[in-house]
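>>> just the structure for this:
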Amino acid sequence: MSIEFKRLLEGLDQDLKPMPLVAVNDGRFAGAGIPGPEKFSKCRLPEEARAGWLLFAGYAVKSHNVSQDLSTPEATYWHAIYHRLEPDAWNSKYWFRQLRTHPIEASLIAQSLDAGWNPGRNWDHAKFVDFVGEAIASGRQDRISLAIHVQFIEWRLLFEFCVKDLLQ
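Okay, here's the model as predicted:
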């Protein structure tokens, strides 16, 4: 694993800025570059982890190119998030319907509640897509900040699920 990638991965517990609510395609971290597949070879789900990292690091289109060619639930999840960030709510909801549920959802509900957003008894991807869209449309910084925070929780849980073996 490159020093830059390891430093950025460790930075998730520090002051790393969460993803914005709208896709970025020109990179977010100076000097990070675009990690190749070899950086993720020890992950539980290497290509899915790579798609998630590319999305987070600000290479949304490259992430989409990776995730759309895979057929796992995690790739479908990244694909749906990408479309939410376009923003293309209809397409995002379509891919979330294909996903149905994911093992991270119980933690996602609990952490979203702790963050101040009530997703309901079960995680509802469409409800969160709508919340993000409404937050953006409202222009209210409190709603935008909450949506960004919950999105970061979602990203982190899914990314950690994909890289599980690398983090141990």
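>>> ok, which stretches of the chain are strands?
With strands called from DSSP state E, the chain shows none.
>>> helices and strands of it: which one has the lowest mean pLDDT?
Taking mean pLDDT, DSSP states H and E as the measure, the helix or strand of the chain with the lowest value is helix 3-10, at a mean of 56.
>>> which parts of the chain are helices?
3-10, 46-57, 60-67, 73-85, 89-99, 105-115, 125-138, 141-167 (DSSP state H).
>>> and residue 35, which of these is closest to it?
helix 3-10 (5.3 Å; CB to CB). All C-beta atoms are positioned from the backbone trio N, CA, C, and that covers glycine.
>>> still on that earlier bit, nearest to residue 27, of the helices of the chain?
If we rank these by CB to CB, the stretch that ends up nearest is helix 46-57, at 6.4 Å.
>>> what angle sits between that closest one and helix 141-167?
If you take axes from the mean of the first three to the mean of the last three CA atoms, to 10 degrees, helix 46-57 sits at 150 degrees to helix 141-167.
>>> so what does helix 46-57 touch, helix or strand wise?
Packing contacts for helix 46-57, counted by 3 or more CB pairs under 8 Å, 6 or more residues apart in numbering; DSSP states H and E, involve helix 60-67, helix 73-85, helix 141-167.
>>> which helices and strands sit right next to the first one?
The one in question is helix 60-67. helix 46-57, helix 73-85.
>>> the first one - what's its average pLDDT?
Confidence over helix 46-57 (mean pLDDT, whole number) is 92.
>>> which residues touch that helix?
Residues from elsewhere that reach helix 46-57, judged by CB atoms under 8 Å, 6 or more residues apart in numbering: 8, 19, 27-29, 32, 34-35, 37, 39-40, 43, 60, 62-63, 66-67, 70, 72, 74-75, 78, 81-82, 85, 155, 158-159, 162-163, 166.
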